[in-house]
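> 3D, please:
(chains A, B, C, D, E, F, G and H)
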Protein chains: 8
Amino acid sequence: MTNEIKVLIIMGSDSDLPIMNEAAKALEQFNIGYEKTIASAHRSPKRTSKLASEARDNGIEVIIAGAGAAAHLAGVIASETTLPIIGVPIDSSPLKGMDALLATVQMPGGIPVASMAIGKAGAKNAGIFAAEILSIKYPEIADKLATYREDMAKAVEEKAERVKAGQL
Amino acid sequence: MTNEIKVLIIMGSDSDLPIMNEAAKALEQFNIGYEKTIASAHRSPKRTSKLASEARDNGIEVIIAGAGAAAHLAGVIASETTLPIIGVPIDSSPLKGMDALLATVQMPGGIPVASMAIGKAGAKNAGIFAAEILSIKYPEIADKLATYREDMAKAVEEKAERVKAGQL
Amino acid sequence: MTNEIKVLIIMGSDSDLPIMNEAAKALEQFNIGYEKTIASAHRSPKRTSKLASEARDNGIEVIIAGAGAAAHLAGVIASETTLPIIGVPIDSSPLKGMDALLATVQMPGGIPVASMAIGKAGAKNAGIFAAEILSIKYPEIADKLATYREDMAKAVEEKAERVKAGQL
Amino acid sequence: MTNEIKVLIIMGSDSDLPIMNEAAKALEQFNIGYEKTIASAHRSPKRTSKLASEARDNGIEVIIAGAGAAAHLAGVIASETTLPIIGVPIDSSPLKGMDALLATVQMPGGIPVASMAIGKAGAKNAGIFAAEILSIKYPEIADKLATYREDMAKAVEEKAERVKAGQL
Amino acid sequence: MTNEIKVLIIMGSDSDLPIMNEAAKALEQFNIGYEKTIASAHRSPKRTSKLASEARDNGIEVIIAGAGAAAHLAGVIASETTLPIIGVPIDSSPLKGMDALLATVQMPGGIPVASMAIGKAGAKNAGIFAAEILSIKYPEIADKLATYREDMAKAVEEKAERVKAGQL
Amino acid sequence: MTNEIKVLIIMGSDSDLPIMNEAAKALEQFNIGYEKTIASAHRSPKRTSKLASEARDNGIEVIIAGAGAAAHLAGVIASETTLPIIGVPIDSSPLKGMDALLATVQMPGGIPVASMAIGKAGAKNAGIFAAEILSIKYPEIADKLATYREDMAKAVEEKAERVKAGQL
Amino acid sequence: MTNEIKVLIIMGSDSDLPIMNEAAKALEQFNIGYEKTIASAHRSPKRTSKLASEARDNGIEVIIAGAGAAAHLAGVIASETTLPIIGVPIDSSPLKGMDALLATVQMPGGIPVASMAIGKAGAKNAGIFAAEILSIKYPEIADKLATYREDMAKAVEEKAERVKAGQL
Amino acid sequence: MTNEIKVLIIMGSDSDLPIMNEAAKALEQFNIGYEKTIASAHRSPKRTSKLASEARDNGIEVIIAGAGAAAHLAGVIASETTLPIIGVPIDSSPLKGMDALLATVQMPGGIPVASMAIGKAGAKNAGIFAAEILSIKYPEIADKLATYREDMAKAVEEKAERVKAGQL
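Below is the predicted model of the structure:
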């Protein structure tokens, strides 16, 4: 890990990659260094604990953790570090992500996890939220976020124009 | 721990004691030695890992784990031992235990947790299920379980008699 | 039934076979003898009762029962034997297995059923959990489970390497 | 049992009596003979099977079955008789009767159970529905049902008058 | 309508036909005369009221009503007749039939509807349940039901044989 | 009914009065004439149909309908008139109003009901929404609504001041 | 905007167009002028506020707002105007629209939103409900609504005829 | 506002104070300056927008927003600033906070809100999570968080000792 990597993206399984890549893409938009890896709360608990407990010393400032079903990953990581943990519930069981959402968000008092929405929207927002956290320390990220917001508002205006013109 | 203690009852908080004592009472009915203790998946992860990973060597044969909200306790214990883990979801959040149930039962393939019902009924059944597991090794427990079943059936008959007699 | 068959896998319908075969495959991984059969709690109650009540005398030590919708199968079997019963809720109705989960896991105090997750993950875990139960009596199964866990952890490490190398 | 008893009210536990008495009261309103008793699908399976399988020969024409949690009672009874079975899901677990409702109503194709609403409203309606079933054979019950309906409509009118008069 | 038609199958829309035909097929198996028609509680309230209020005089003895979404059809029919009404909740909205189930089964005290399961299983069981109701008046239907049950149990045995023989 | 009564408040039972009075209070705040009455979709279908089908001719311009459980009232009224119908789901069953909400809001295409929130908040908003509907015809109501909004915003400011001053 | 446009259809994203066009089609059936546009509560809050707060002065009399996931759009618009707001929850997240429904309908007391059903049925009904609101001011719309209802009832009759004739 | 105030706690109503004070207490434990105030997304949209859009310039680095029912507050604030927003869903409607949770967490891609658990546990964790965010910029807060974690682990050990000693 280099000094420049600020965000660690951990997912429970490589089958979560198509979802969690949304977080990576969002971070790239703000030029934020990240590393992504796989660690399962259940199948590789030692690896998970080690990644979490060494993260702050390795220069990591935010951890994004995505998992499905009884999604314990974000909570288990949160129990091993005081860095801010962002959880992404993944829709990979018949219950459509409601299980992953409740297992991620309903953390008991003392050990917080910041839950995003279920699935791709949540993964994308995890990247943006990591940028918002970092923006309180790195003003250039705050600037990029401001531009990003303006671009989003403009994109809505343009879509509205196209609807008005009957193009959509 | 003595050799005679076969079951470890772990709960996430002392506020879970009134629920988890039902498991203890059930074990006592079958004369099965147990130890109960507190360990939080989130607030004391090292203690929890240690209890789980050393359990088999300490003569433990079944672990019962009870927790509420985003109930990760049973899953975290299961990740550190291959002993059978029985999870008891506890109704301690506004969602009435649905969060604890899904966080306990929806374990991904590879690391099983045996979930009981939410709350006191589940805790009682956790004790009985531990006895059923032990019964495949200790025939005297199988005998006690058979008697327990007969007594339950008789109790139903007696209640039915009292209803017929207009006493209930 | 030979002495070597330790686990009975019962499902409510042959349409459940693709799910319940996951339990069988897991048992094979640990070299555990099993028999699989079909018995419906509702369409063939006598057959179901007979299978359950004679199981212990036939040398069965664990029963795995999978059913969907108002999944009564595991509970009905549990009412006829004191062997440990593992229930697998199957996602075969419009409610996505929530009905099968609640009908399996919410057993009243006195007659436990150990519920696994909904669907294939649950069926696989039912096989592993049966192995964990048997491991308290048969040390060679405990050894196989330990190896299985190590292999899972290694597989995670390997996937992580491949993600790092940009291969995933 | 006398010939006059047409309806059998079975409940899983005497704690269900305050709910299931609503069914009895409704039957009394239509002068229909009934017997109420206790039989648990899980704690007394033989008693339950026997009650169900002998019911038609004993002159019973409708069975009402009330149970809570993983409410298997109505389904188990339905598997042992071809009489019409009315199920009453009882709100006796932390999940507020949603578990009992799904375990009662989501019967697989082949063995029907007629589910009423959760709790007292459902128990009362079970009694009325039994009367409606019997009304196709006993015209005097059809007459009583017609009067009952008229009385209900009148009661609404009277309440409306009192609201208009500012008395409510 | 001829005297021989005992069951009226009403559905809210012709798009419900593939589901509700399961009820018709079940009735045919027991040689029970039926008529099926379309009437919407909301789009054709007068037609619906008329069908319901005249049904008993037309010789109808059971009504089966299937509808999706906020499924009011069964309840509206029940308010206009004292015949037994069987409701089939249909899975035709994004909520997967949970809306139709609750709108069908949660009838307030006084006006019962007998709810079956959501979708095809429920429609099939509605036909069988109608047969069970009629069986208390027409002994030949009771006989057919007994045979039907025996056939189902035999079919399970045969499937079990085929599983044992490795044919499934 | 006088010409001045613009809103009809209908509830399924007098036990709904404490909830539905919130709608009445809101209407009084805007000086809008209303009449409240009781009519059950199920227990008094004719009364309900009559109230709905004659409402427009009686000068009614908006109908508010409140009911619990399988809340069919608003839908049944909507089927008999083209006036705007506002539905208030009432929390009067063990399912906490989720049944009433789905039975009110999930109306099939063709016959709309405007659903408010469950319970008192919904009843209050039903009154305000009726005022908003009437405001497009009666400018004085638009003025009153504007003032009401300003007063709400001011009340928030005052509360904020009190919190700042440590008075709350 | 011309004077003739009475209804403003706002949606959170152009991906909602296939759903929200159902509202437009319904308005066209009643010859009601409308404008449809895109404005996101979150990505373009200023645009959304401006559209809402200027709507009444621009001659708009009803606003229809459709959004998915944590659907804040209707509520945010309602906070900026006293015109009647109709919300359409859109099924665009893994939770099948339950999130959008609750975020739309559960408005706190003081600021109402009239929620329709989830998805296309709700969007269509939003158009019809807008017509019903306008019908209290514009009698010609009331006439069109009456005809529309009659046509729906006739269409049901025709379908019923075709079912009877075995054509469906 | 002084430079020292880093966290703004906003709640939708003064009735949320008993819940949101948990966030304040947590911040005090880490010696972090905060201001708490009331602003409703719906009743005072301008005040809410102003608080949010000026927050970063006022030196605020994290905003905590708590609201119940269709909880739009956190999302509305997030739409007006790029600071990290922590949402606390409050259990203040009959749906037990499920509505507030989904309205808070299911934010669409582009505008993140970090959701905590429902109710007091969530409010406490919101304060701790704000500290974790600030800890990446202010090392003294990282130290305090480390101590806080150690104290929690010790408290668990002490409780475990007391359970062992039979004192609990």
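
> is residue A:10 in a bridge, and if so with what?
On DSSP bridges, the residues paired with residue A:10 through beta bridges are residue A:37, residue A:65.

> Count residues in the vicinity of it, would you?
Neighbours of residue A:10 under the rule other Cβ atoms under 10 Å in any protein chain shown: 28. Quick note: C-beta positions are derived from backbone N, CA and C, even for glycine.

> Am I right that it is in contact with residue A:38?
Yes - in this structure, residue A:10 is within contact of residue A:38 by Cβ atoms under 8 Å, at 7.3 Å.

> what helix or strand is residue A:104 on?
Using DSSP states H and E, residue A:104 sits in helix A:98-105.

> Contacts for that helix, please.
A:67-72, A:74-75, A:87-93, A:113, A:115, A:118, B:70, B:72, B:95, B:98-99, B:102-103, B:106, G:95, H:101, H:105, H:115-117 (Cβ atoms under 8 Å, 6 or more residues apart in numbering or on different chains).

> Give me the packing partners of the longest helix along chain A, helices and strands only.
For chain A, the longest helix by residue count, based on DSSP state H, is helix A:139-164. With contacts taken as 3 or more Cβ pairs under 8 Å, 6 or more residues apart in numbering or on different chains; DSSP states H and E, helix A:139-164 sits against helix A:120-135, strand G:33-38, helix G:45-55.

> and the angle from the last one to helix H:45-55?
Using axes from the mean of the first three to the mean of the last three Cα atoms, to 10 degrees, the inter-axis angle of helix G:45-55 relative to helix H:45-55 is 160 degrees.

> Model confidence at the residue sitting nearest the centre point of chain A, what's the number?
The C-alpha lying nearest the average C-alpha coordinate of chain A belongs to residue A:126 (Cα atoms, centre = their mean; 3.0 Å). Per-residue confidence (pLDDT) for residue A:126: 98.

> Contact partners for it?
By Cβ under 8 Å, 6+ apart, the residues touching residue A:126 are A:23, A:26, A:64, A:66, A:86, A:88, A:116, H:112.

> Let me see the contact set for the closest residue to residue A:44 other than its chain neighbours.
Spatial nearest neighbour of residue A:44, excluding adjacent residues (Cβ to Cβ, 6 or more residues apart in numbering or on different chains): residue C:156 at 4.0 Å. Counting by Cβ under 8 Å, 6+ apart, residue C:156 touches A:38-40, A:43-44, A:47.

> Near the nearest residue to residue A:114 once chain neighbours are set aside, how many other residues are there?
The shortest distance from residue A:114 to any non-neighbouring residue, by Cβ to Cβ, 6+ apart, is to residue H:114 (3.3 Å). Per other Cβ under 10 Å, the neighbour tally for residue H:114 reads 34.

> Which strand residues bridge residue H:114?
For residue H:114, the beta-bridge partners are residue H:86 (DSSP bridges).

> you'd agree it is up against residue A:130?
No - with contacts counted by Cβ under 8 Å, residue H:114 stays clear of residue A:130, the gap being 10.3 Å.

> which residues are common contacts for the two?
Both residue H:114 and residue A:130 are in contact with residue A:86, where contact means Cβ under 8 Å, 6+ apart.

> give me every residue that touches the nearest residue to residue A:52 once chain neighbours are set aside.
Here the nearest residue to residue A:52 in space, its sequence neighbours aside, is residue A:80; by Cβ to Cβ, 6+ apart that works out to 3.7 Å. Residue A:80 is in contact with A:48-49, A:52-53, B:45, counting by Cβ under 8 Å, 6+ apart.

> Check the burial of the nearest residue to residue A:43 once chain neighbours are set aside by counting its neighbours.
Closest residue to residue A:43 apart from its sequence neighbours, by Cβ to Cβ, 6+ apart: residue C:152 at 4.3 Å. Residue C:152 has 17 neighbours, counted by other Cβ under 10 Å.

> show me what contacts residue C:152?
Residues in contact with residue C:152 (Cβ under 8 Å, 6+ apart) are A:40, A:43-44, B:110.

> Export those as TSV, with columns for secondary structure.
Shown next, in TSV, are those (DSSP: H, G, I helix; E, B strand; the rest coil):
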residue	secondary structure
A:40	coil
A:43	coil
A:44	coil
B:110	coil
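
> that older thread, check the contacts of residue A:126 and tell me the two furthest apart.
Pairwise distances across the contacts of residue A:126 (Cβ to Cβ) peak at 14.2 Å, for the pair A:66 and H:112.

> in chain A, what residue is nearest chain F?
For chain A and chain F, the shortest gap (Cβ to the nearest Cβ) falls at residue A:98, measuring 14.4 Å.
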